[in-house]
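> okay, predicted coordinates and the sequence, questions at the end:
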Amino acid sequence: MRSDKVKRGPDRAPSRALLYACGVDDKEIYKKPFIGVANSFSEIVPGHINMQRLGGAIEKGVHAGGGISFKFGIPAICDGIAMGHKGMRYSLPSRELIADSVESMAIAHSFDGLVLLTSCDKITPGMLMAAARLNIPAIVVTAGPMMAGNKNDKRLSLVRDTFEAVGNYEAGNISKDELEKLALNACPGCGSCQGLYTANTMNCLTETMGMSLPGSGSSLAVSAKTERLAYRSAKRVVELVEKDVKPRDILTKEAFHNAIVVDMAAGGSTNTVLHLLAIAHEAGIDLKMELFDEISAKVPQILSLRPGGEYFMEDLEYAGGIPAVLGRLTDYLKDNRTVSGRLIKTIASKAEVENINVIRAKSNPWRSSGGLTVLKGNLCPDGAVVKAAAVDEDNMVISGPAKVYDSEKAALKAIRAREVKKGDVVVIRYEGPAGGPGMPEMLNPTSLLAGMGLEKDVALITDGRFSGGTRGPCIGHISPEAAAGGVIAAIQDGDIIDIDINKKRLDVKLMKQEIKLRMLKVKKPKKKVSGWLARYSKLVKSADKGAILQ
């Protein structure tokens, strides 16, 4: 066993002494594998506050399976709480810290296997990056989505009924008291936010790739089912150790292909592009941004969950979850191993759709193509991403004058001051991976526009990124970013921006020579950056490479 490095032989007597001090039984130490349990429990992240209960189920499962469990902590940031201030700059970088933390603990203590307990936006991809990098037997347990909120017999979700409600309040459509009542009722308890935002999208794709047990992606945080899945996953990881089934046996090209298929069919978050690219990099898979577009052109969108639609994660769960979605998509899938021991197509073949309105048939899709679209053009020669599933059909083609801001803060101030008018294209730059630094999400400005009723009349483009909750013609991940000399740095107020999502184009109406001359005069805004973010800004690669660290 890998753990023999720290427990077997006369020279490891000091290590054994320390393990005995932790309560390890001297009769079992040689017989049983050491299973590290990476627990991202936090009392300030709703998606993680149920993890002590799940951690207990995992501990029981490891012991029932014949292993010895060792729980350790992993940092977790709530993007919703971090949104709109300096804290959001730490969100994407935390993905790297999470991967590094799991790596450090696993190698330092020679764990034989890992259970990765996760839920929210950057934690799940960080855990998967660590699993792929370490390539020791591992299984992912996702803590489950939140139930819908409720007020006056109307179901509520975080983004639509709090972030966008702020815009409604700013526009004078609702009172301060009504806004506070929405805040009080939108999130009834534990779980990742109720729509197909980044957390739930990534958890569903984790199941699709085969790194969690069938049914995990949509199993509700409050349900006993989630606790049972945690217990079974922990038992199963001991079997994976015995059979030496490693993450790279599962995270193959076929697994990533399948993840993109489900992502497109579901209309998932644009952030999945960043995360799947980064996980693939750790797994040694050459995944290109263009593959998302190739698959999107073939796969119909058969789910319509919030923010773009009106269904919630609980509806997906009751309709059959990801296995039922896979059953609808068998023709597009490539067979692949999973941690359950079953092939992905076998799982798909045994699934049943319980609600044909929530999980539509291929012959009756919400859209004939997938939920995400990769754009190219003189503004983004290396690519940009839009959640087409959350864009109204009338807004697929837009041309309008630019309103340019060198930060999210400046854009928010302008939107609140009513400087942004119908027909404008808001440009927010120097918010990319290096320029931000940290590539913050732009949910506040997009939600403000939506709440003010401008989501169909104003487009927004940025070298930053968006929350999975963003809707409307909002294009992110513009590469190269402004800080790296991207053309977005040369745009001036009044320049005409052409967006054609149908033709997958994003251009500024400027001649090449004019762009070249302007780029010579560009002056980067000076930002005071210190600590971890200063190191991150020097090491991070562009969005089209997954914002990985060099």
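Ah, there it is.
> where exactly do the strands run in this structure?
34-39, 68-73, 113-118, 138-142, 149-151, 154-156, 372-375, 383-387, 397-405, 425-428, 459-462, 474-479, 496-500, 505-508 (DSSP state E).
> list the contacts of the residue nearest to Glu239 when sequence neighbours are not counted.
Of all residues not flanking Glu239 in the chain, Gly65 sits nearest, at 6.8 Å (Cβ to Cβ, 6 or more residues apart in numbering). Any C-beta I mention is one placed from the backbone N, CA and C, and that applies to glycine too. Gly65 sits next to Ala234, Lys235, Arg236, Val237, Val238, Glu239 when contact means Cβ atoms under 8 Å, 6 or more residues apart in numbering.
> any idea how many residues pack against the fifth one?
Yep, that's Val238 we're talking about. A total of 26 residues lie near Val238 under the criterion other Cβ atoms under 10 Å.
> for the second one, same thing?
By other Cβ under 10 Å, the residues close to Lys235 number 18.
> now stretch 110-123: mean pLDDT?
The average pLDDT within stretch 110-123 is 97.
> any idea how far the residue lying closest to Leu240 once chain neighbours are set aside is from Cys474?
Spatial nearest neighbour of Leu240, chain neighbours left out: Pro137 (3.9 Å); criterion: Cβ to Cβ, 6+ apart. Distance of Pro137 to Cys474, given as Cβ to Cβ, to the nearest Å: 40 Å.
> and what of Asp382?
In terms of Cβ to Cβ, Asp382 sits 19 Å off from Cys474.
> so these two - more neighbours on which side?
Cys474 (28 against 17).
> how about the more buried one, what does it touch?
Val386, Lys387, Met442, Thr446, Ala459, Leu460, Ile461, Thr462, Phe466.
> out of the residues you listed, which are buried?
Val386, Lys387, Met442, Thr446, Ala459, Leu460, Ile461, Thr462, Phe466 (16 or more other Cβ atoms under 10 Å).
> need the pLDDT of the first one.
Looking back up the chat, that one is Val386. At Val386, pLDDT is 94.
> cool, and Lys528?
89.
> model confidence for the spatially most central residue of the chain, exactly?
Geometric centre of the chain, nearest residue: Thr198, 3.5 Å, by Cα atoms, centre = their mean. Thr198 is assigned a pLDDT of 94 by the prediction.
> what's the distance between it and Glu290?
22 Å.
> need the contacts of Gly65 in JSON lines (columns: distance to Val508 and pLDDT).
Shown next, in JSON lines, are the contacts of Gly65 (distance: Cβ to Cβ, whole Å; pLDDT from 0 to 100):
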{"residue": "Ala234", "distance to Val508": "53", "pLDDT": "98"}
{"residue": "Lys235", "distance to Val508": "56", "pLDDT": "98"}
{"residue": "Arg236", "distance to Val508": "52", "pLDDT": "98"}
{"residue": "Val237", "distance to Val508": "51", "pLDDT": "98"}
{"residue": "Val238", "distance to Val508": "56", "pLDDT": "98"}
{"residue": "Glu239", "distance to Val508": "56", "pLDDT": "98"}
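> ok, the residues you listed vs Leu182, which is closest?
Ala234 (38.3 Å; Cβ to Cβ).
> nearest spatial neighbour of Gly149, chain-adjacent residues omitted?
Nearest one to Gly149, counting by Cβ to Cβ, 6+ apart, is Leu156 at 3.4 Å.
> touching, that neighbour and Ala186? I think so.
Yes. Using Cβ atoms under 8 Å, Leu156 is in contact with Ala186, at 4.5 Å.
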